[in-house]
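> please work out how this folds:
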Amino acid sequence: MYRTALPQLSGEVFLTDSGLETDLIFHGGFDLPEFAAFVLVDDARGAAALDAYFRRHADIAAQHGCGVILEAPTWRASRDWGARIGYPAAELRRVNQDAIDLLSRVRGGYLGAASSPVVISGCIGPRADAYRPAVRMGEDEAGDYHAGQIDILAGTEVDLVHAMTITYPAEAIPIASAGYVMVIACTRSTSVPARMSICSA
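Below you'll find the model as predicted:
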């Protein structure tokens with residue numbers, strides 16, 4: 001809907017995510033394996049909690065006449081993290097698509113609110129632990145690793161793909177060069193040397 005003209009670039013105020021996984025764990029009482037919220041898409045109670053979380057944000061935005069960016073619960077829905085919790089490639093494709101379908105249904109309820117555009121962001125995360133990246137890839141390997149999930153998300157109704165908590169340049173550069181509307185958010189941590197940080201790249 002907004003892939004060719006992101007409304008948040010207009011200078012208007014937009015509400016963003018407020019910590020999905022933390023909210024689900026501490027307020028919803030959910031156990032998220034490997035901090036992976038995408039598993040809730042396959043659970044009736046979990047899917048209802050996701051729907052309520054996103055609608056709550058969209059409602060607040062509509063009440064205040066601002067836009068909202070809904071961040072898909074797909075931060076951990078990549079090859080290595082999925083394998084750790086029993087999701088093979090075919091299931092990862094489906095769950096990424098189902099997560100965006102959930103957000104599309106939420107957005108459908110707010111299409112009449114012209115002053116509150118709802119932007120869908122497909123979220124991807126780092127291959128390794130964002131705060132202790134034991135595995136550091138070269139650019140070619142990183143590009144190959146992330147391409148699968150990026151391509152899946154690009155085939156859905158996402159308006160952009162957001163790579164969150166990426167720690168080092170060699171992982172970020174091929175993501176940014178993937179050819180889609182991308183946002184890169186880096187992580188700074190005392191366990192990550194400054195020279196490794198995207199923020200210093």
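> could you use CA atoms for every contact and neighbour count after this?
OK.
> centroid residue for the chain?
With distances taken as CA atoms, centre = their mean, the residue of the chain nearest its centroid is C123 (1.7 Å).
> my read is that it contacts D159, right?
No - the criterion here is CA atoms under 8 Å, and C123 misses it with D159 at 11.0 Å.
> what segments of this structure are helices?
Using DSSP state H, the helices of the chain run over 20-26, 44-64, 79-84, 89-108, 139-154, 169-176.
> okay, now M1: neighbour count?
Each residue near M1 was counted by other CA atoms under 10 Å, and the total is 11.
> so what pLDDT did the closest residue to it other than its chain neighbours get?
Distances taken as CA to CA, 6 or more residues apart in numbering put D159 closest to M1, at 6.6 Å, once the chain neighbours are dropped. Per-residue pLDDT puts D159 at 96.
> check which helices and strands the helix-or-strand element of the chain with minimal mean pLDDT is in contact with.
Lowest by mean pLDDT, DSSP states H and E among the helices and strands of the chain is strand 182-186, with a mean of 74. Here strand 182-186 touches strand 160-166, helix 169-176, going by 3 or more CA pairs under 8 Å, 6 or more residues apart in numbering; DSSP states H and E.
> and the ones you listed, which is most packed in?
strand 160-166 (a mean of 23; mean count of other CA atoms under 10 Å).
> could you dump that one to PDB, C-alpha only?
In PDB, the C-alpha atoms belonging to strand 160-166 read as follows (Å, rounded to 0.1, in the frame of the first residue of the first chain):
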ATOM      1  CA  LEU A 160       9.200  -1.900   4.300                       C
ATOM      2  CA  VAL A 161      11.600  -4.400   5.800                       C
ATOM      3  CA  HIS A 162      13.200  -3.400   9.100                       C
ATOM      4  CA  ALA A 163      16.400  -5.100  10.200                       C
ATOM      5  CA  MET A 164      16.500  -4.600  14.000                       C
ATOM      6  CA  THR A 165      19.400  -5.000  16.500                       C
ATOM      7  CA  ILE A 166      22.000  -5.600  13.800                       C
END
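> each with direction, which strands does that strand pair with?
strand 118-124 (parallel), strand 182-186 (parallel) (DSSP bridges).
> how much does that strand deviate in direction from helix 169-176?
Inter-element angle recorded for strand 160-166 and helix 169-176: 170 degrees (by axes from the mean of the first three to the mean of the last three CA atoms, to 10 degrees).
> export the helices and strands packed on strand 182-186 as JSON lines, with columns for distance to P33.
Shown next, in JSON lines, are these (distance: least, CA to CA, whole Å):
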{"stretch": "strand 160-166", "distance to P33": "18"}
{"stretch": "helix 169-176", "distance to P33": "24"}
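> nearest to D17, out of those?
Among these, the nearest to D17 by CA to CA is strand 160-166 (11.9 Å).
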